[in-house]
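Chemist: quick one: sequence plus predicted model below, questions after.
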Amino acid sequence: MGSDTVRTPPADGAAELRREQRGWYFYDWACSVYSTSVLTVFLGPYLTSVAESAADADGYVHPLGVPVRAGSFFAYSVSLSVIVAVLVMPLVGAADRTGRKKPLLAAAAYTGATATAAMFFLDGDRYLLGGALLVVANAAQSVAMMLYNSYLPQIAPPEQRDAVSSRGWAFGYAAGSLVLVANLVLYTGHDGFGLSESTAVRICLASAGLWWGAFAIVPLRRLRDRRTAGREAALPGFRQLAATVRDMRRHPLTLSFLLAYLVYNDGIQTVISQASIYGSEELGLGQSTLIGAVLLVQVLAVAGALAMGRLARVYGAKRTILGSLVAWTVTLAAGYFLPAGAPVWFFALAAGIGLVLGGSQALSRSLFSHLVPPGKEAEYFSAYEMSDRGMSWLGPLVFGVTYQLTGSYRDAIISLVAFFVLGFALLVRVPVRRAIGEAGNPVPDRI
């Protein structure tokens, strides 16, 4: 049994553990600004406008000679970024064997932060530059999140993980809210600052990279690497992935949870990345309205993540997640019928998303941490991250293809309901208490 998994911390180590937990929260504080300001708010509409300025008379751009609707270029770029992440993550998935998670986390975080800061130079018709920076930043974010998530079972005993995971998400959404307020001030008052609209957007994009890099220092100073005594040397990347998959076959219930998570989280990630496109292109809403709606999501997601953490203590994480998937399905289906040019209804939709967004992700992370065999945290969280961000290429691809075929963003958004319905059906069949026991972990009183 691996010695790097926290069970019940000794009294003299509790203070150090809390210090690590607080440092861990700050990585969500650092990187969530990228997810919020860049991926959710500004880059989708802005990169689409850049692609449209480079499009031919029929509305197509031709990266590498392939005809792509300008309106689909952002979705396809997101899909490509997570495919790249899938190829890179096995190279770092054996980090718990080498004890070098923190240097790898630093490399991934600062690669993503640098690419995001470089988005300041995205102007004119440089859609290929925008696509390339998006691929690098998003892939680096996925790799960094895999390593970050794998710390959870090492810094929190089983009975604390729902709460610690939820606090991490709450920190992230609080940072996203704070920076979005500053973005809103800059964007709406760009004339008063002597800036063009394009320059204001590029400053907002680049500032997310600077924020990411600055606050990543905190977790990198506080988290510590743990070497597992007696473990064999790490295998090369893809051999390690193959070994992890073979090992996971010994835990079929863990695999069953991962399959369910892969499906419903694909829908969540696609809604996050494509909502601003739907609001701007289909509903005709302005950038200020979109920023305000996403800010509402951030504020409510903080409360939602903490509230769902409390619900999990009463009803169990699995039941709480299932309830959130029902809410996702209803909210997304309602989004199909939103009238164009009606910000009030879009804000109502944003409120529904915010209340379930943070909690569904935080509880999924903490629930999976119970299903990981002790000593194999980074290996299994590599597979988890492939399900989280690394395998979330299908949703954006479905969204982009649906729009390419129909020319309707409403058809594209309603296609995502299938991910939540199927994910619910798969998760409800997973006996999580038995899965935890078969993984070799103590079963919490309420799960």
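Modeler: Arrived safely. Numbering: from 1, shown residues only.

Chemist: and the residue nearest to Tyr409 when sequence neighbours are not counted, how far from Pro45?
Modeler: In this structure, Tyr409 finds its nearest non-sequential neighbour in Glu282, 3.7 Å apart by Cβ to Cβ, 6 or more residues apart in numbering. For every residue, glycine as well, the C-beta is placed using N, CA and C. Glu282 sits 12 Å away from Pro45, going by Cβ to Cβ, to the nearest Å.

Chemist: and for Pro67?
Modeler: Counting by Cβ to Cβ, the gap from Pro67 to Pro45 is 22 Å.

Chemist: who's more crowded, the two?
Modeler: Pro45 (20 against 12; other Cβ atoms under 10 Å).

Chemist: for that one, give me its contacts.
Modeler: Shown in contact with Pro45 (Cβ atoms under 8 Å, 6 or more residues apart in numbering): Ser276, Ile277, Ser280, Glu281, Gln287, Leu290.

Chemist: among the helices and strands of the chain, which one scores worst on average pLDDT?
Modeler: helix 95-98 (a mean of 56; mean pLDDT, DSSP states H and E).

Chemist: any idea which helix or strand comes after it?
Modeler: helix 101-117 (DSSP states H and E).

Chemist: send me the next helix or strand after that next one as CSV with only the CA atoms.
Modeler: Reading on from helix 101-117 to the C-terminus, the next helix or strand found by DSSP H and E is helix 127-149. Extracted C-alpha coordinates of helix 127-149, given in CSV (Å, rounded to 0.1, in the frame of the first residue of the first chain):
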residue,chain,number,x,y,z
TYR,A,127,-6.8,33.3,-36.6
LEU,A,128,-4.2,30.6,-36.9
LEU,A,129,-2.1,32.3,-34.2
GLY,A,130,-5.2,32.4,-32.0
GLY,A,131,-5.9,28.7,-32.7
ALA,A,132,-2.3,27.8,-31.9
LEU,A,133,-2.2,29.7,-28.7
LEU,A,134,-5.5,28.2,-27.6
VAL,A,135,-4.2,24.7,-28.3
VAL,A,136,-1.0,25.3,-26.2
ALA,A,137,-2.8,27.0,-23.3
ASN,A,138,-5.7,24.6,-23.1
ALA,A,139,-3.5,21.5,-23.3
ALA,A,140,-1.1,22.9,-20.7
GLN,A,141,-4.1,23.7,-18.4
SER,A,142,-5.3,20.1,-18.8
VAL,A,143,-1.9,18.6,-17.9
ALA,A,144,-1.5,21.0,-14.9
MET,A,145,-5.0,20.1,-13.6
MET,A,146,-4.2,16.4,-13.8
LEU,A,147,-1.2,16.9,-11.5
TYR,A,148,-3.1,19.4,-9.3
ASN,A,149,-6.0,17.0,-8.8
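
Chemist: what is helix 127-149 packed up against?
Modeler: helix 14-33, helix 43-54, helix 73-92, helix 101-117, helix 377-385 (3 or more Cβ pairs under 8 Å, 6 or more residues apart in numbering; DSSP states H and E).

Chemist: which one of those lies nearest to Arg446?
Modeler: Smallest distance to Arg446 across those (Cβ to Cβ): 20.8 Å, for helix 14-33.

Chemist: could you list the residues in contact with that closest one?
Modeler: Here helix 14-33 makes contact (Cβ under 8 Å, 6+ apart) with 6, 9, 105, 109, 112, 141, 144-145, 148, 151-152, 155-156, 164, 167-169, 171-176, 179, 208, 211-216, 218-219, 221-224.

Chemist: what pLDDT, on average, does it get?
Modeler: Mean pLDDT, helix 14-33: 90.

Chemist: that one to helix 101-117, inter-axis angle?
Modeler: 20 degrees (axes from the mean of the first three to the mean of the last three Cα atoms, to 10 degrees).

Chemist: could I get the helices and strands packed on helix 127-149 as JSON lines with distance to Arg410?
Modeler: Formatted as JSON lines, the helices and strands packed on helix 127-149 follow (distance: least, Cβ to Cβ, whole Å):
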{"stretch": "helix 14-33", "distance to Arg410": "29"}
{"stretch": "helix 43-54", "distance to Arg410": "17"}
{"stretch": "helix 73-92", "distance to Arg410": "15"}
{"stretch": "helix 101-117", "distance to Arg410": "31"}
{"stretch": "helix 377-385", "distance to Arg410": "31"}
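
Chemist: most packed of these?
Modeler: Stretch with highest mean neighbour count among those: helix 377-385 (a mean of 27; mean count of other Cβ atoms under 10 Å).

Chemist: after that one comes which helix or strand?
Modeler: Counting by DSSP H and E, what follows helix 377-385 is helix 394-406.

Chemist: show me how far that next one is from its chain's centre.
Modeler: 20 Å (Cα atoms, centre = their mean, to the nearest Å).

Chemist: got a list of contacts for it?
Modeler: 68-69, 71-72, 75-76, 78-79, 82, 266-267, 269-270, 273-274, 408-409, 411-413, 415-416, 419.

Chemist: just the buried ones from the residues you listed?
Modeler: When these are checked for burial by 16 or more other Cβ atoms under 10 Å, the buried set is 68-69, 71-72, 75-76, 78-79, 82, 266-267, 269-270, 273-274, 409, 412-413, 415-416, 419.

Chemist: what pLDDT does Ala260 get?
Modeler: In this model, Ala260 is scored at 92, pLDDT.

Chemist: assign the residue of the chain most remote from its centre to helix, strand or coil.
Modeler: Using Cα atoms, centre = their mean, the residue of the chain lying farthest from its centre is Ala57. It sits 35.7 Å away. Classification of Ala57 using DSSP: H, G, I helix; E, B strand; the rest coil returns coil.
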